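Engineer: I would like to see how this sequence folds:
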Amino acid sequence: MTHRTILFALTLLAVSPAALAGEVVPYDAAALAQAQTEGVPIVIHVTAPWCPTCRAQKPIVQSLAEDPGNPDLIVFDVDFDSQQDVLRQFGVRYQSTLIAFKGAEERTRSIGVTDPAGIAELIAATR
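Structural biologist: Residues are numbered from 1 along each chain as shown. Model prediction:
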């Protein structure tokens, strides 16, 4: 673990989920747990740098995270290649997976959706 990663993790621990709202941030188990406890709308986005579907999803997810209509939404980015433990935790088998939570309750998930309306519908399930 690099110094930068440790510093980022410590920063996330010190920041409330409300401060992360409207952001796409690297996955952090403690920040996720806190956001779930607070009932915050959450999306887990499993991506891989080599995945064209993931590349198509990223700007759509980013735009929806920044949309004023989603003021409390936090998107946690999970790297498909390096975070196998997180994939097991959420039962994810494929990159380009999106999982919507309202607090600790999983509301829905999708794989490979690149249609902005479909991704917006998934995000709407977090409310």
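Engineer: okay, and the helix or strand of this structure with the least pLDDT?
Structural biologist: Least confident helix or strand, the chain: helix 3-14 with a mean of 45, by mean pLDDT, DSSP states H and E.
Engineer: which helices and strands sit right next to whichever helix in the chain runs longest?
Structural biologist: Longest helix in the chain by number of residues (criterion: DSSP state H): helix 52-66. Counting contacts by 3 or more C-beta pairs under 8 Å, 6 or more residues apart in numbering; DSSP states H and E, helix 52-66 packs against strand 23-26, strand 41-47, strand 74-79, helix 116-124. From N, CA and C alone the C-beta is placed, and that goes for glycine too.
Engineer: State the mean pLDDT of that helix.
Structural biologist: Throughout helix 52-66, pLDDT has a mean value of 96.
Engineer: List the buried residues in it.
Structural biologist: 53, 54, 57, 58, 60, 61, 62, 64, 65 (16 or more other C-beta atoms under 10 Å).
Engineer: Just send the residues you listed back as TSV, with distance to residue 44 too.
Structural biologist: Output for the buried residues of helix 52-66, formatted as TSV (distance: C-beta to C-beta, whole Å):
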residue	distance to residue 44
53	16
54	13
57	12
58	14
60	15
61	11
62	15
64	14
65	13
